[in-house]
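J.: Sequence and computational prediction follow.
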Amino acid sequence: MSLRRRSLGVVVCLSLGFTVISFRLVQIQLLRHEEYLLKAIKNHCDRIELPARRGVIRDVNGQILAQSQVLHDIRVDGRNLLHPDEALPEMEKILQVAPGTLAAAFNPNNRYQLLAREVPEDQLGALKDLESRYLTEWKQGKAKPARFLSVEDRFVRSYPDGAHASHVIGFLDANNKGVAGVEGAMDTFLRGLPGEQLIEKDVRGREIAGYRGRDQKPIDGYNVDLTIDLGVQHILEEGLDKIVQKFHPIGAYAIAMRPKTGEILGMANRPTFDPNDRKGVPLVTFRNHCLTDQFEPGSTFKIVTLAATLNEHLSTLSTPIFCENGRFFYAGRWLHDDEPYGLLTVEQVLAHSSNIGFAKLGLELGDQRLYDYARSFGFGEPTGLLEHQGEGSGVLRPLARWSKLSATRVPMGQEVSATPMQMAVAMSVIANRGSLIVPRVVRQITDNDGHVIKYFTPHVVRQVIGEDVAKQVSKALADVVDEGTAAGRIDIPGFTAAGKTGTAQKFVDGAYSNKKFVASFIGYVPEEDPQFVLLVMVDEPRGNQYYGAQVAAPAFSEMSKQIVEVLNLTPRSLPAEPVKRASL
């Protein structure tokens, strides 16, 4: 082979080689640049996630109900700490631990060993000063030390009021995700967006300070302002504590609500829990029973039957009804009243809570109208207070599943079930002069500068009954307090009250129990211009007292006395002499 041909071959091979290399360089640097950049970053950089601070939850007056506190965890790089015999004793003094504690646990080959948890700000500052000094003052002839401390900030959620309003506020799971209450329903707004920090290192794993990657700062979460008034909430909590101490029920619930706006002023459950320390608490205790649990409402449901009858012009408050002297036989079953009533007006039927009287009103209404009004009052569907929090719909069976007996039992609150929140909303229809309004516990979402991101306005769903009819029902409910089943049980000096007692037999093993009851009172103050609706419900009170008038009405009275003061309501009239408050 001639020299010329050999030279040409060499040139061709070199050209092909350079072409392949050039193509590979183009592929690496242009076509697959992002892929290899990420690999380089992964090999030579540490990625540290910078957590976002979760937004605070506040009551209507700005008092903090939930907040995130920053804690500092300190780690030490064993390879970069070149003088542990000098540095560790100084660290022990700063952290106020016994001499030798850190030295005994120190491993020079461990790159990310934990030095201390939950270090306060003053100790953190002292540790950083120590590290800075070691970076600038090293012994002659020894290698220059690199950064050996790393700080991991983490946020811990705390709830200043402990168990108060815990079912409303909720809590976080182990991954700091909201899973209950407002924490769960508003998690998207509260949680914020985490940032990150990239730290480039040399072949020895030491940080190259001059090439530190650009930090992506976290974005803090928004703040959530509630409609809850902490003053009202404390009243409900303390009131339920008194009920539990006196009657030892399996559960007790209270809801305070503004009927005109749907704002929840307070909501409390017993049993309860402290979200700061949930260890050992049964899972059922975390449930907000005011939203999830369903009870037959008993006589408190009679407001629906009365409102429907008046709205359909089938009777007036003065229409007489014969109550069969306490025994009424219909569809093969007997129905009884607690007292043998004869001829009563419709208003008296409500005041004395005659089951027979309401059975006759139900028969006059008929199944269809009775069902339609129950639906219109909100029964059979969730109120929509907090999304994805397991709120119950209650039970309002379709007409196809009603028996002949249903027309006499549904009007008195049997064969239907509702959550405490549904009952509070139903009573708010009367207090709000016939309008059904959606309850709400979140008032607004704001950023850290106070700018409103989202405001939740009151929402009226529908006009259930006429305004005049609502006023007539309200008048009858005031008579319940003055002369009916709650007479002598409620005294709020300077204010009128209206409401309804309820004593519902629990349905156990296919029959209504004569030993297990749900006692309740739902009402509002003042009657002529309702400012708040208050529900008090007690599940299975123990002892000889189990009627709503005995168990729930006095608690309603005591709580209402305090609520009117917290809300700074002006009394219509004041008593001439100081009124002695009877203890419960």
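T.: That came in fine, so what should we check first? Numbering: from 1, shown residues only.
J.: Please look at residue 498 and residue 486 and confirm they touch.
T.: No: contact criterion C-beta atoms under 8 Å: residue 498 and residue 486 do not qualify, at 9.8 Å. In this view, the C-beta of every residue, glycine as well, is placed from N, C-alpha and C.
J.: Now for these two: what residues contact both?
T.: Common neighbours of residue 498 and residue 486, using C-beta atoms under 8 Å, 6 or more residues apart in numbering, are residue 480.
J.: where does this structure dip in pLDDT?
T.: Flagging of the chain using pLDDT under 70 yields the residue ranges 1-3, 9-12, 17, 20, 22-47, 137-145, 198-215, 573-584.
J.: so where's the longest strand in it?
T.: Criterion DSSP state E: the longest strand present in the chain is strand 511-525.
J.: how close does residue 536 sit to residue 240?
T.: Applying C-beta to C-beta, to the nearest Å, the value for residue 536 to residue 240 is 8 Å.
J.: Common neighbours of the two, please.
T.: Counting by C-beta under 8 Å, 6+ apart, the shared contacts of residue 536 and residue 240 are 252, 253, 254.
J.: so which helix or strand takes in the last one?
T.: Which is residue 254. strand 251-257 (DSSP states H and E).
J.: So which residues make contact with that strand?
T.: 232, 236, 239-240, 243-244, 263-271, 289-290, 293, 420-421, 424-425, 428, 439, 532-540, 555, 559, 563.
J.: hey, where'd the strands end up in the stretch 1-150 of the chain?
T.: Ranges of strands within the stretch 1-150 of the chain are 45-50, 57-58, 64-76, 113-119, 149-158, based on DSSP state E, counting those that start in this stretch.
J.: Same list as before, those that is, but in JSON lines and with mean neighbour count included.
T.: Formatted as JSON lines, the strands of the stretch 1-150 of the chain follow (neighbours: other C-beta atoms under 10 Å):
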{"stretch": "strand 45-50", "mean neighbour count": "15"}
{"stretch": "strand 57-58", "mean neighbour count": "24"}
{"stretch": "strand 64-76", "mean neighbour count": "18"}
{"stretch": "strand 113-119", "mean neighbour count": "15"}
{"stretch": "strand 149-158", "mean neighbour count": "16"}
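J.: mind putting those in CSV, distance to residue 6 included?
T.: As requested, the strands of the stretch 1-150 of the chain are exported to CSV (distance: least, C-beta to C-beta, whole Å):
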stretch, distance to residue 6
strand 45-50, 49
strand 57-58, 84
strand 64-76, 63
strand 113-119, 63
strand 149-158, 61
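J.: closest one to residue 328 among the ones you listed?
T.: Of all these, it is strand 64-76 that lies closest to residue 328, at 50.6 Å by C-beta to C-beta.
J.: just the angle between that closest one and strand 113-119, please?
T.: 150 degrees (axes from the mean of the first three to the mean of the last three C-alpha atoms, to 10 degrees).
J.: Give the other helices and strands that strand 64-76 contacts.
T.: Secondary-structure packing of strand 64-76 (3 or more C-beta pairs under 8 Å, 6 or more residues apart in numbering; DSSP states H and E): strand 57-58, strand 113-119, helix 121-136, strand 149-158.
J.: from the chain's centre, how far out does it sit?
T.: Strand 64-76 sits 23 Å away from the centroid of its parent chain (C-alpha atoms, centre = their mean, to the nearest Å).
J.: Okay, now the sheet partners of it, with direction.
T.: Strand 64-76 pairs in its sheet with strand 57-58 (antiparallel), strand 113-119 (antiparallel), strand 149-158 (antiparallel), by DSSP bridges.
J.: I'd like those laid out as JSON lines, including distance to residue 217.
T.: Output for these, formatted as JSON lines (distance: least, C-beta to C-beta, whole Å):
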{"stretch": "strand 57-58", "distance to residue 217": "23"}
{"stretch": "strand 113-119", "distance to residue 217": "22"}
{"stretch": "strand 149-158", "distance to residue 217": "12"}
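J.: Would you mind saying which of these lies nearest residue 16?
T.: strand 149-158 (49.9 Å).
J.: re earlier: can you tell which of the strands paired with strand 64-76 is closest to residue 458?
T.: strand 57-58 (19.6 Å).
J.: Please list all residues in contact with the residue nearest to residue 231 when sequence neighbours are not counted.
T.: Once flanking residues are discounted, residue 231 sits nearest to residue 566: 3.9 Å by C-beta to C-beta, 6 or more residues apart in numbering. Going by C-beta under 8 Å, 6+ apart, residue 566 touches 229, 231, 232, 235.
J.: nearest to residue 176, of those?
T.: Among the contacts of residue 566, and counting by C-beta to C-beta, the member closest to residue 176 is residue 229, at 27.9 Å.
J.: In terms of residue numbering, what are the domains of this structure?
T.: 48-79+115-137+148-226, 230-566 (automatic domain parsing).
J.: so which of these is the most packed in?
T.: Highest mean neighbour count among the domains of the chain (mean count of other C-beta atoms under 10 Å): domain 230-566, with a mean of 20.
J.: what's the span of that one, first residue to last?
T.: In domain 230-566, first residue to last residue: 10 Å (C-alpha to C-alpha, to the nearest Å).
J.: picking that back up, include distance to residue 218 when you put the shared contacts of residue 536 and residue 240 into JSON lines, please.
T.: Formatted as JSON lines, the shared contacts of residue 536 and residue 240 follow (distance: C-beta to C-beta, whole Å):
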{"residue": "252", "distance to residue 218": "42"}
{"residue": "253", "distance to residue 218": "39"}
{"residue": "254", "distance to residue 218": "39"}
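J.: what's the closest of these to residue 383?
T.: Nearest to residue 383 among the shared contacts of residue 536 and residue 240, with distances taken as C-beta to C-beta, is residue 253, at 14.5 Å.
J.: If the closest one is in a bridge, with which residues?
T.: Beta bridges link residue 253 to residue 269, residue 537 when assigned by DSSP bridges.
J.: which one among the shared contacts of residue 536 and residue 240 gets closest to residue 6?
T.: Residue 6 has its nearest neighbour among the shared contacts of residue 536 and residue 240 in residue 253, at 98.9 Å by C-beta to C-beta.
J.: ok, so what distance separates the closest one from residue 504?
T.: According to C-beta to C-beta, residue 253 and residue 504 sit 14 Å apart.
J.: again, but for residue 49
T.: 53 Å.
J.: do residue 479 as well
T.: Separation of residue 479 from residue 504 (C-beta to C-beta): 22 Å.
J.: wait, isn't residue 356 in contact with residue 335?
T.: Yes: counting by C-beta under 8 Å, residue 356 touches residue 335, with 5.8 Å between them.
J.: Give the residues shared as contacts by these two.
T.: Joint contacts of residue 356 and residue 335 (C-beta under 8 Å, 6+ apart) are 327, 328.
J.: Tell me which of the helices and strands packed on strand 64-76 sits nearest to residue 388.
T.: Residue 388 lies closest to strand 57-58 among the helices and strands packed on strand 64-76, at 17.0 Å (C-beta to C-beta).
J.: As a markdown table, the contacts of residue 566 with secondary structure would be great.
T.: Shown next, in a markdown table, are the contacts of residue 566 (DSSP: H, G, I helix; E, B strand; the rest coil):
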| residue | secondary structure |
| --- | --- |
| 229 | coil |
| 231 | helix |
| 232 | helix |
| 235 | helix |
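J.: Please identify which of those is nearest to residue 342.
T.: Set against residue 342, the nearest of the contacts of residue 566 by C-beta to C-beta is residue 235 (41.6 Å).
J.: State the helix or strand in which the nearest residue to that closest one once chain neighbours are set aside lies.
T.: Nearest residue to residue 235 in three dimensions, chain neighbours excluded: residue 562, at 4.6 Å (C-beta to C-beta, 6+ apart). Element membership for residue 562 (DSSP H and E) is helix 548-566.
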